[in-house]
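# no FASTA, just this:
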């Protein structure tokens, strides 16, 4: 009887410990998920459909703007190599020859706790680390993700996170999301802009007349294609492809996912057909534009990440879309673009930063199609790259 009672008490003790540990893990995951939904772009509406937050800071650098004129060594970009929007901005910086004019820093791909000394603040987001720092873990404490040589700390502000930069520029307690790219004014310690489409346009034109851009004649926003490109972007490329993969991955209902994935693959079929008859998206296809850059940044991530992580697995770029594959390889080979693609950062971010989607932060082995293979599209369409 005595032994039976001891066994019963021991079993109850073990049960309580297991239950406590399990609930602790669930609460941690719930806190990380809640903070991500509230302060980062991973939220959904009541129907389960993904809803991206609008960018809040929309100042423009221009020669006519006395508050933010084009000046050398005044502005700084906060970049996540994993983020397609930020990576596109970095590529534009390289394409236009502005790296000597605008400085930039690169965050760690794994989201970290942005207020590590505040137990009540469970937000995880983009954080800065130095090459060689201790490896990071995912928000639940799993994995070991190195601090590699691609990381560039923010040496100007010394910020430990992108959230901290937002608070420097807009005040402590400013609501998120705390996104990249973020364009910061080092002269006034203020945020200029965090909308990637507007930053792209600024880099394309704002520094040309001042002689600061090394390639002032390179124009990714040709005026004669503006209406056509805007229509193609607003009807297909942005809502159904660029944002479409996120609508699939962050859907919280079957209905929302089904709608998003159907629109995504219907759009890929349209783009596959279009790029089978012309090299690039606009006009006669002879000119590389901002819309090609935006499409590329999604497609280059499609097979290694989105097919698995965002459940966009109906088809693959590598095996089912020969024209889209050729397009990706064509753009990747352009000077200034391929160097911005860091597949290690891309895969590490997605597979380690959202514990509700990948609890243990396991990173799949596949890197997507070989991007070094020649596309053959310059010969196919007999055009010359810019």
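Now that the structure is in, tell me what you want to look at. No experiment lies behind these values; they were computed from the predicted model shown.

# Just the element for residue 157, please.
Secondary-structure assignment from DSSP states H and E places residue 157 in no helical or strand segment.

# err, residue 265, not the other one
In this structure, residue 265 sits in helix 254-274 according to DSSP H and E.

# For this protein, which segments count as strands?
For the chain, the strands defined by DSSP state E occupy 75-79, 103-106, 112-113, 124-125, 182-185, 190-193.

# between those, which gets nearest to residue 154?
Closest to residue 154 of the strands of the chain, according to CB to CB: strand 103-106, at 4.2 Å. Just so you know, the C-beta spots here come from the backbone N, C-alpha and C atoms, and that holds for glycine as well.

# And the contacts of the closest one?
Contacts made with strand 103-106 from outside it, assessed by CB atoms under 8 Å, 6 or more residues apart in numbering, are listed as 73, 75-81, 90, 93, 128, 150-156, 186.

# Taking these, please make a PyMOL selection of just the buried ones.
To isolate in PyMOL the members of the contacts of strand 103-106 that are buried, counting by 16 or more other CB atoms under 10 Å, one can use:
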select buried, resi 75+76+77+78+79+80+81+90+93+128+151+152+153+154
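
# Report the contact partners of the closest residue to residue 333 other than its chain neighbours.
With CB to CB, 6 or more residues apart in numbering as the measure, residue 375 is the residue that lies nearest to residue 333, at 6.7 Å, once sequence neighbours are left out. For residue 375, the set of contacting residues under the criterion of CB under 8 Å, 6+ apart consists of 326, 327, 328, 329, 330, 333.

# What is the burial count for the third one?
Pointing back at residue 328 there. Residue 328 is flanked by 27 other residues according to other CB atoms under 10 Å.

# what sits against it?
With contacts defined as CB under 8 Å, 6+ apart, the neighbours of residue 328 are 296, 299, 300, 317, 369, 371, 375.

# next one: residue 369
By CB under 8 Å, 6+ apart, the residues touching residue 369 are 303, 317, 318, 325, 328, 329.

# how about 10 Å then?
Residue 369 makes contact with 300, 302, 303, 304, 316, 317, 318, 319, 325, 328, 329 under the criterion CB atoms under 10 Å, 6 or more residues apart in numbering.

# Can you tell me which of those are buried?
Taking 16+ other CB under 10 Å as the criterion, what is buried in the contacts of residue 369 is 300, 302, 303, 304, 316, 317, 318, 325, 328, 329.
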